[in-house]
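**Q** Just need the structure, nothing else, for what follows:
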Amino acid sequence: MAYNQVTPEIIAQLEKIAPGRVITGTDINPDYGRDEMPIYGTRMPDVAIDVLTTEEVSEIMKLCYANNIPVTTRGAGTGLVGGAVPMMGGVVICTSKMNQILSWNDEHFGVVIQPGVILQDLQQAALKRGLMYPPDPGNKLSTVGGNVSTNAGGMRAIKYGTTKTYVRGMTVVLPDGRILKIGENVEKTSMGYNIVQLITGSEGTLGVITELVLKLIKAPKIAISVLAPFEELNTALQAVPKVFQSSFRPTALEFFERDILIMSEEYIGKAVWPRDIKGTPIQAYLLMIFDGETMDELDPILEKLTDFMLEQGAMDVMIADTPTKIKDIWDARGVFLDVIFESARLYDENDVVVPINRIAEFVKFFWDEAKQYDFGVNYLGHAGDGNLHIFAVSNDMDEEEFKVQVAKWMTSMYQKAKELKGELTGEHGVGGGKVEYFQEYVGDIAYELHRQIKLAFDPKNILNPGKVCFSYEELGLAPANV
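**A** Numbers count the residues shown, from 1 in each chain. The predicted structure follows:
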């Protein structure tokens, strides 16, 4: 498939649509050519446009569709699978300036926003109204539109669900420029195919989201963090399914090991968590959140949890119930990804999901596999839902050799996760970085259905080409710098 070039004439037409906001050449922000995982490829667009309205997006898409020009939509660019990278060049539509909260419906627990609203801004604004937007991906500076496009998860997914649970409706510009408004601020619908949920998680391949109708909930008044250190990682991980079997219902349940904790504490310049207890080195940690309306409600749960975790082999159980203690704990946890990115010159990551009772088996597998390679490994995970974040890192290896070795390691992990009845990705999406594994996971029939759905929305394949279900090679394309 051949795409056309962006000509001076087309640039002039784009200027009429978005005057003063059409950027070309060296004036384009270098960030528009990458996301947070550059190992999957970088490329600058020919044109970048900061859009402000649905109507602008519609006119831009009509022009690009008529001229067969590829278009990639981006928000804050915090993705980790190359999903917002314009690997075919063309036009980048940036929605980060569409960042207004348009209306609240406090009585019906709803909010209408533009896609460029920053996640933490929405969460903080909701809390001021006594409401909560539960999806909580790790990067709070991501845009909500980007979260919806990838069906982002985060730590609170085990209690409150992922982003898709909170998307009630949206306005979407289709690849040919038509404007589609779907869904309303209601609890239920049983009307035809659920196109809202189809576009949620479609990674910008089916349409450009320009408005969102989101569900909120009443904010819990109290949240308590609980830290349980363990002498052995395997003991900690074996305790995870037993937490749920014993009817505890944490808001979040995270796990991490000693090395990344040390890196994190050195990064923030503060020792927060115990590394040794009574002379015994701590190798692993479980970190939980419980929320509710009153301490009278939570106290019996925390008392039972303390006894339970000690029975499961925890060396101690520490309850953070003051703002200072909670802040210290989560400050250290919150910089894990920053530490990995800043400490390594080369890095790659997967975010597979496995059943929670198979986490320990999977961790042992990928560690044993990694021993035959030259890169290092960092990892952490949402233990409560089995979603692991596993990084290959290096400062010394040649980049091409790093890619070759990591590809072999990743392939073995994806195969193992599939064997364990897991999934390819828990919250980061397929993007351009995992297309080669996607078909094997979903099977030939489902993969072909994905392709047919894509072409039903986008018969010219101009919107975010090469992502999810059409690889660059399948399209007969040769993107630069893959």
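**Q** next one: stretch 227-239 to chain centre, how far?
**A** Averaging C-alpha positions (CA atoms, centre = their mean, to the nearest Å) puts stretch 227-239 26 Å from its chain's average.
**Q** pLDDT (mean, whole number) over it?
**A** Stretch 227-239 comes out with an average pLDDT of 94.
**Q** cool, stretch 393-412 as well?
**A** Taken as a whole, stretch 393-412 carries a mean pLDDT of 96.
**Q** Please list the outside residues in contact with that stretch.
**A** 39, 340, 343-348, 350, 366, 369-370, 373-378, 392, 437 (CB atoms under 8 Å, 6 or more residues apart in numbering). (Each C-beta comes from the backbone N, C-alpha and C, glycine too.)
**Q** Kindly report the same for stretch 423-430.
**A** Contacting residues not belonging to stretch 423-430 are listed as 79-81, 83, 137, 149-154, 157, 162, 201, 203, 349-353, 382, 385-388, 414, 417-418, 434, 437-438, 441, 467-469 [CB under 8 Å, 6+ apart].
**Q** So which of those residues belong to helices?
**A** Using DSSP state H, the subset of the contacts of stretch 423-430 located in helices is Ser149, Thr150, Ala157, Tyr414, Ala417, Lys418, Tyr437, Phe438, Tyr441.
**Q** how about TSV for those, with neighbour count added?
**A** Putting the ones in helices among the contacts of stretch 423-430 into TSV (neighbours: other CB atoms under 10 Å) gives the following:
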residue	neighbour count
Ser149	30
Thr150	29
Ala157	24
Tyr414	22
Ala417	25
Lys418	16
Tyr437	21
Phe438	19
Tyr441	17
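**Q** Most widely separated two among the residues you listed?
**A** Ser149 and Lys418 (24.8 Å; CB to CB).
**Q** can you map out the helices along the stretch 351-482 of the chain?
**A** 359-370, 399-419, 435-442, 444-457 (DSSP state H, counting those that start in this stretch).
**Q** Where among those is average confidence lowest?
**A** What stands lowest among the helices of the stretch 351-482 of the chain, in mean pLDDT terms, is helix 435-442, with a mean of 91.
**Q** Would you mind pulling up the elements that that helix packs against?
**A** Secondary-structure packing of helix 435-442 (3 or more CB pairs under 8 Å, 6 or more residues apart in numbering; DSSP states H and E): helix 399-419, helix 444-457.
**Q** Contacts for the helix or strand bottoming out on mean pLDDT in the chain, please.
**A** The helix or strand of the chain with the poorest confidence is helix 323-334; it has a mean of 82 (mean pLDDT, DSSP states H and E). When contacts are defined by CB under 8 Å, 6+ apart, helix 323-334 is touched by residues 138, 223-225, 227, 254, 256, 261, 264-265, 268, 270, 272-273, 287, 320.
**Q** Which members of the residues you listed are classed as buried?
**A** Neighbour counting by 16 or more other CB atoms under 10 Å classes 138, 223-225, 227, 254, 256, 261, 264-265, 272-273, 287, 320 among the contacts of helix 323-334 as buried.
**Q** Would you reformat these as JSON lines and include distance to Ala2 and secondary structure?
**A** As requested, the buried ones among the contacts of helix 323-334 are exported to JSON lines (distance: CB to CB, whole Å; DSSP: H, G, I helix; E, B strand; the rest coil):
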{"residue": "Gly138", "distance to Ala2": "39", "secondary structure": "coil"}
{"residue": "Ala223", "distance to Ala2": "54", "secondary structure": "strand"}
{"residue": "Ile224", "distance to Ala2": "58", "secondary structure": "strand"}
{"residue": "Ser225", "distance to Ala2": "55", "secondary structure": "strand"}
{"residue": "Leu227", "distance to Ala2": "56", "secondary structure": "strand"}
{"residue": "Glu254", "distance to Ala2": "47", "secondary structure": "strand"}
{"residue": "Phe256", "distance to Ala2": "47", "secondary structure": "strand"}
{"residue": "Leu261", "distance to Ala2": "51", "secondary structure": "helix"}
{"residue": "Ser264", "distance to Ala2": "48", "secondary structure": "helix"}
{"residue": "Glu265", "distance to Ala2": "53", "secondary structure": "helix"}
{"residue": "Val272", "distance to Ala2": "55", "secondary structure": "coil"}
{"residue": "Trp273", "distance to Ala2": "56", "secondary structure": "coil"}
{"residue": "Leu287", "distance to Ala2": "51", "secondary structure": "strand"}
{"residue": "Ala320", "distance to Ala2": "58", "secondary structure": "strand"}
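**Q** For these, give me CSV that also has distance to Arg358.
**A** Compiled in CSV, the buried ones among the contacts of helix 323-334 are given as follows (distance: CB to CB, whole Å):
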residue, distance to Arg358
Gly138, 23
Ala223, 29
Ile224, 29
Ser225, 26
Leu227, 24
Glu254, 18
Phe256, 18
Leu261, 24
Ser264, 26
Glu265, 30
Val272, 30
Trp273, 26
Leu287, 21
Ala320, 30
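**Q** wait, which of the residues you listed is closest to Gln5?
**A** Gly138 (38.1 Å).
**Q** In this structure the closest one contacts Arg156, no?
**A** No. Assessed by CB atoms under 8 Å, Gly138 is found out of contact with Arg156, at 11.2 Å.
**Q** Next one: the residue lying closest to Asn357 once chain neighbours are set aside from Ala383, what distance?
**A** Leaving aside its sequence neighbours, Asn357 sits nearest to Pro241 (CB to CB, 6 or more residues apart in numbering; 4.4 Å). For Pro241, the distance to Ala383 equals 9 Å [CB to CB, to the nearest Å].
**Q** what's the answer for Asp458, then?
**A** Going from Asp458 to Ala383 by CB to CB gives 38 Å.
**Q** How about Glu349: which residues does it bridge to?
**A** Per DSSP bridges, the residues bridged to Glu349 are Phe391.
**Q** residues touching the residue lying closest to Gly422 once chain neighbours are set aside, list them.
**A** Leaving aside its sequence neighbours, Gly422 sits nearest to Val354 (CB to CB, 6+ apart; 3.8 Å). Neighbour list for Val354: Phe362, Gly386, Leu388, Ala417, Leu420, Lys421, Gly422 [criterion: CB under 8 Å, 6+ apart].
**Q** before we move on, back to that, more crowded one of Asp458 and Ala383?
**A** Ala383 (26 against 21; other CB atoms under 10 Å).
**Q** Let me know whether that one touches Val240 as I believe.
**A** Yes. At 4.6 Å, Ala383 counts as touching Val240 under the criterion of CB under 8 Å.
**Q** Now do the shared contacts for those two.
**A** Common contact partners of Ala383 and Val240 (CB under 8 Å, 6+ apart): Leu253, Phe255, Leu286, Ile356, Ile359.
**Q** Please report the distance of Phe438 from Tyr447.
**A** Here the criterion is CB to CB. By it, Phe438 lies 7 Å from Tyr447.
**Q** typed the wrong thing, it's Pro70
**A** Counting by CB to CB, the gap from Pro70 to Tyr447 is 22 Å.
**Q** which of those two has more neighbours?
**A** In this view Pro70 and Tyr447 are compared by other CB under 10 Å, and Pro70 has more residues nearby, 26 against 15.
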